[in-house]
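In: Fold the following for me, if possible:
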Amino acid sequence: MNLNGKPGSVEMTHQYIARCRQILDTVESQTTQIQQAAKWFADTILAGRMVHVFGSGHSRIMVEEMWPRYGSFPGFNPIVELSLTFHNLVVGANGQRQAMFLENVPGLADRILRNYTLTDQDSALIISSSGCNVVPIEMAELFQRQGVKVVALITKEHSEKSTSKRADGRKLSDFADLILDTGAPVGDAMLAIPGLDTPVAPGSTVGGAVLVNSIKAEIAQLLTEAGRPPKVLSAGVVVGAERAVELFESAYDEHAHRLAKLYENVGIPSYVSEPNQ
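Out: Okay, here's the model as predicted:
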């Protein structure tokens with residue numbers, strides 16, 4: 001009910017849910033692409049490597065939705081830079097202004113990826129609604145140079161209407177082997193309010209979360225069919241307390257084992273990385 005006792009807020013709720021249903025239709029229409037992404041990611045996981053997942057700003061939400069959380073499993077390397085994503089203070093130190101500045105600093109993606117040894121068995125999911133900020137674009141570009149397959153999760157209509165922050169004008173979609181669309185509109189916000197000149201209630205997170213979990217489900221099926229069922233983080237209320245602890249511990253240990261491979265031969269050799277030196 002609105003302040004006058006009329007059912008305005010209910011109407012807004014119905015409109016928003018209706019728009020979300022349209023997003024779900026857009027996601028479902030990409031089933032072939034979702035299954036392709038899942039195949040690449042499953043191949044990476046079966047090879048003992050990791051799917052690198054990166055997003056700056058609010059795209060971090062999709063990184064965390066992939067792993068670790070209930071219903072998810074190891075095989076993903078969540079690359080979350082706090083300088084680009086920890087902006088819940090909004091203003092002051094660690095504020096949103098700094099984060100929005102940093103996600104367009106050329107060269108930062110190279111500094112981030114310098115920490116890992118990449119192989120062509122790896123794959124990557126880069127999330128950016130606009131696909132126009134410098135760091136996620138450079139991240140995808142650097143992955144492709146290493147032979148890593150890149151899946152870009154963007155809002156297609158919004159990206160097409162937006163201007164790249166890169167000097168050469170290239171966008172995330174220019175460095176992607178596969179593109180997935182959240183289905184949100186230009187500008188993300190989906191509802192017009194009478195008397196308000198700006199739309200509200202964004203939709204890209206809805207589409208992004210559905211895409212990420214659709215990919216996750218497809219991968220789980222592929223891994224199980226390959227005889228390598230994933231260790232899924234599961235609630236004690238579903239599998240029993242003892243089994244839940246066992247799954248959490250073994251999943252975290254597998255994550256550590258996979259992560260160790262990303263570091264063991266990184267950069268300049270030492271007597272530790274090459275004992276026979």
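In: residue contacts, residue 102?
Out: Contacts of residue 102 were listed using CB atoms under 8 Å, 6 or more residues apart in numbering, and they are 83, 84, 108, 135. C-beta: built from backbone N, CA, C; applies to glycine.
In: what do you get for residue 229?
Out: So residue 229 contacts 220, 223 (CB under 8 Å, 6+ apart).
In: if we can go back for a sec, PyMOL command to pick out the buried ones of the contacts of residue 102?
Out: If you want just the buried ones from these in PyMOL, going by 16 or more other CB atoms under 10 Å, the selection is:
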select buried, resi 84+108+135
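In: Out of the contacts of residue 102, flag the one nearest to residue 272.
Out: residue 108 (27.7 Å; CB to CB).
In: helix/strand/coil for the nearest residue to residue 64 once chain neighbours are set aside?
Out: Nearest non-adjacent residue to residue 64, counting by CB to CB, 6 or more residues apart in numbering: residue 78, 6.8 Å away. Per DSSP: H, G, I helix; E, B strand; the rest coil, the secondary structure class of residue 78 is strand.
In: Next, count neighbours for residue 235.
Out: Burial of residue 235 is recorded as 12 neighbouring residues (other CB atoms under 10 Å).
In: Verify the stated contact: the residue nearest to residue 64 with residue 63.
Out: Yes - using CB atoms under 8 Å, residue 78 is in contact with residue 63, at 4.8 Å.
In: higher neighbour count, these two?
Out: residue 63 (23 against 19).
In: wait, what's in contact with the more buried one?
Out: Contacts for residue 63 were tallied using CB under 8 Å, 6+ apart; they are 53, 54, 55, 78, 79, 80, 127.
In: Against residue 141, how distant is the fifth one?
Out: Residue 79 sits at a distance of 15 Å from residue 141 (criterion: CB to CB, to the nearest Å).
In: more neighbours, the two?
Out: Remark: of residue 79 and residue 141, residue 79 carries more neighbours, 21 against 18, as counted by other CB under 10 Å.
In: now the nearest residue to that one once chain neighbours are set aside: how far from residue 42?
Out: Residue nearest to residue 79 in three dimensions, not counting chain neighbours: residue 54, with 4.4 Å by CB to CB, 6+ apart. Distance of residue 54 to residue 42, given as CB to CB: 19 Å.
In: Verify the stated contact: residue 152 with residue 130.
Out: No - at 11.3 Å, residue 152 does not count as touching residue 130 under the criterion of CB under 8 Å.
In: The two: who's more crowded?
Out: Between residue 152 and residue 130, counted using other CB under 10 Å, residue 152 has the larger neighbour count: 27 against 24.
In: Does the more buried one fall in a helix, a strand, or a coil region?
Out: strand.
In: Excluding residues flanking it in the chain, which one is nearest it?
Out: Closest to residue 152 by CB to CB, 6+ apart is residue 176, at 3.6 Å.
In: Tell me how many other residues surround that neighbour.
Out: Neighbours around residue 176, by other CB under 10 Å: 22.
In: ditto for the one 4 residues further on
Out: Under the neighbour criterion other CB under 10 Å, residue 180 is assigned a count of 26.
In: and it, what does it touch?
Out: Going by CB under 8 Å, 6+ apart, the list of residues near residue 180 reads 30, 33, 34, 37, 151, 152, 153, 154, 211.
In: Repeat that for residue 69.
Out: residue 233.
In: pretty sure it is in a strand, no?
Out: No - assessed with three-state DSSP, residue 69 is coil; it does not lie in a strand.
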